[in-house]
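Asks: I would like to see how this sequence folds:
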Amino acid sequence: MSNNNQSQPPFQYQLWDSRSGYISQPWAFWFQQFVDNLPPAGSGYVINGVQSTLGNVTVYVGTDANRGSAENGDIYFAYDSGKFYVANGTTWDTMVPSFSGDLSNAVGSTNLQLNTVNSSVGTFGNSDLIPRFTVNAKGLITSVTNVPFNASPGGVNESIQFNNNNIGFGGSPTFLYDSTADLVTLTDELVNGQITFTNPVPTRTNLLPTQTGLAGYSLVTDGTDVNWVASGPFEYTFNYGDATPRLLLTIPANKVIISCAIFITTGFNGVGATVSIGDASNYNSIMATTDSNVSMETNWSTNPGVVFGTATPIYISITAGSGATAGSGLLTLSFQE
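Replies: This is a model prediction of the structure:
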């Protein structure tokens with residue numbers, strides 16, 4: 001006896017019910033089962049997609065933290081971090097290509113690195129050296145080197161030169177300081193304004209009084225300072241206790257010494273007291289010790305007419321004498337303008 005209720009595969013049933021004109025009940029049942037097992041709309045994944053060499057592919061979409069464990073064939077899009085993952089066994093591989101150029105990264109790494117364009121690293125420049133940079137078209141420093149400080153092209157290392165031989169400064173003089181020789185050089189040109197030099201004092205043999213606005217004055221020094229002064233008479237006080245020879249002034253070259261006078265305001269009471277005026281080679285060349293008697297309160301003078309071929313320092317020499325306790329006077333000296 002046959003059992004008409006025995007379950008039969010759906011393909012043994014007709015798709016259409018010929019009596020009603022609708023799909024048959026068994027086919028309707030299996031279609032409903034298929035629809036019920038489809039992923040819900042908007043679920044974010046596909047099951048049993050197109051096969052690849054890894055097999056079936058499953059695609060997921062969600063947050064980075066919720067991607068879960070990986071299985072071969074899984075693909076995951078993390079919408080919050082923007083990352084794209086592919087399963088490699090049970091490990092998620094980040095799908096990031098390798099970039100090149102000024103920025104680069106390893107395959108799969110989101111960490112971009114600025115490529116090295118200058119391998120010279122460190123601190124550059126000091127009191128003697130200046131850093132020199134090479135910059136490419138992108139504004140990147142491609143090299144840095146130290147060069148000696150030298151403000152003068154072709155000049156001496158560690159020297160300073162202003163005006164660069166009258167180029168671009170309206171013909172003003174060139175001023176060069178050479179630190180290796182501790183030497184200051186000023187070109188032989190007209191100099192306006194005041195220039196102060198110390199140790200050594202350079203010689204300006206062509207500097208004329210008219211260039212200073214002090215025509216009729218002479219350039220003299222007391223051994224420390226150089227000044228424009230009238231050519232005389234120059235006045236100096238002296239005393240029996242002065243340390244001598246004492247520098248009075250420097251007579252310019254080729255100037256006639258016109259007169260020399262001493263005025264004894266207090267007589268020298270030392271036995272053998274004398275006063276003389278002259279240069280270092282002869283302290284009596286302008287006024288000898290025999291040209292005066294300093295024990296008497298009076299004046300003594302000479303007209304030496306001496307001419308020195310070079311600028312010559314002039315000194316006063318005093319011998320106080322035995323037992324001296326007093327003695328003073330005034331000296332005047334004049335020479336050719």
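
Asks: Same question for stretch 261-275: list its buried residues.
Replies: For stretch 261-275, a neighbour-count test (16 or more other Cβ atoms under 10 Å) marks 261-264, 267-270, 273-275 as buried. All C-beta atoms are positioned from the backbone trio N, CA, C, and that covers glycine.

Asks: Return the member of the residues you listed nearest to Asn126.
Replies: Distances from Asn126 to the buried residues of stretch 261-275, taken as Cβ to Cβ, are shortest for Val275 (59.3 Å).

Asks: what's the spacing between that closest one and Ala288?
Replies: Distance from Val275 to Ala288, counting by Cβ to Cβ, to the nearest Å: 10 Å.

Asks: same deal with Phe124?
Replies: Between Phe124 and Ala288 the distance is 70 Å, computed by Cβ to Cβ.

Asks: same check, this time on Asp279
Replies: From Asp279 across to Ala288, the span is 13 Å (Cβ to Cβ).

Asks: now swap in Phe308 and tell me
Replies: When Cβ to Cβ is the yardstick, Phe308 and Ala288 sit 17 Å from each other.

Asks: Now for this structure: which strand has the highest residue count?
Replies: Across the chain, the longest stretch assigned as strand under DSSP state E is strand 257-266.

Asks: Which other helices and strands does that one contact?
Replies: In terms of contacts (3 or more Cβ pairs under 8 Å, 6 or more residues apart in numbering; DSSP states H and E), strand 257-266 is packed against strand 282-287, strand 299-302, strand 328-335.

Asks: closest to Thr250 out of those?
Replies: If you check each of the helices and strands packed on strand 257-266 against Thr250 by Cβ to Cβ, strand 328-335 wins as the nearest, at 10.9 Å.

Asks: now that closest one against strand 282-287, angle please.
Replies: Per axes from the mean of the first three to the mean of the last three Cα atoms, to 10 degrees, the angle that strand 328-335 makes with strand 282-287 is 70 degrees.

Asks: about what we covered before: paired strands for the helix or strand following the longest strand of the chain, with orientation please.
Replies: Sequence-wise, the next helix or strand downstream of strand 257-266 (DSSP states H and E) is strand 274-279. For strand 274-279, the paired strands and their directions (DSSP bridges) are strand 282-287 (antiparallel), strand 312-319 (antiparallel).

Asks: Nearest to Phe31, out of those?
Replies: Checking these against Phe31 by Cβ to Cβ gives strand 312-319 as the closest, at 131.2 Å.

Asks: residues in contact with that closest one?
Replies: 223, 236, 238-240, 242, 244-251, 253, 270, 272-280, 283, 286, 289, 331, 333 (Cβ atoms under 8 Å, 6 or more residues apart in numbering).

Asks: 7 Å instead, please
Replies: 238, 240, 242, 244-251, 272-280, 283, 286, 331 (Cβ atoms under 7 Å, 6 or more residues apart in numbering).

Asks: likewise stretch 137-146?
Replies: Under the criterion Cβ under 7 Å, 6+ apart, residues 102, 117-118, 120, 124-125, 129, 131-136 lie in contact with stretch 137-146.

Asks: Show me which pair in those is furthest apart.
Replies: Of all pairs in these, the most separated under Cβ to Cβ is Asp102 and Leu129 at 29.5 Å.

Asks: I figured Pro131 hits Gly122, correct?
Replies: No - here Pro131 lies out of contact with Gly122, judged by Cβ atoms under 7 Å, at a distance of 10.2 Å.

Asks: okay, these two: which has more neighbours?
Replies: Comparing Pro131 with Gly122 by other Cβ atoms under 10 Å, the one with more neighbours is Pro131, at 13 against 6.

Asks: Leaving out chain neighbours, which residue sits closest to the more buried one?
Replies: Excluding the flanking residues, the one nearest Pro131 by Cβ to Cβ, 6 or more residues apart in numbering is Phe124, at 3.7 Å.

Asks: From Asn115, how far off is that neighbour?
Replies: Taking Cβ to Cβ as the measure, Phe124 falls 21 Å from Asn115.

Asks: same check, this time on Ile277
Replies: Distance of Ile277 to Asn115, computed by Cβ to Cβ: 84 Å.

Asks: got any ranges where the protein has weak pLDDT?
Replies: Screening the chain residue by residue with the criterion pLDDT under 70, one finds the ranges 1-18, 21, 38-56, 108, 148-182, 184-232.

Asks: so can I have TSV of the contacts of stretch 137-146 showing distance to Arg67?
Replies: Output for these, formatted as TSV (distance: Cβ to Cβ, whole Å):
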residue	distance to Arg67
Asp102	32
Val117	38
Asn118	41
Ser120	45
Phe124	49
Gly125	52
Leu129	57
Pro131	51
Arg132	53
Phe133	48
Thr134	48
Val135	45
Asn136	42
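
Asks: Restricted to strands, list these.
Replies: Where those overlap with strands, as defined by DSSP E, the overlap consists of 129, 131-135.

Asks: any idea which of these is the one closest to Thr63?
Replies: Taking Cβ to Cβ as the measure, Val135 is the one of the ones in strands among the contacts of stretch 137-146 closest to Thr63, at 44.7 Å.
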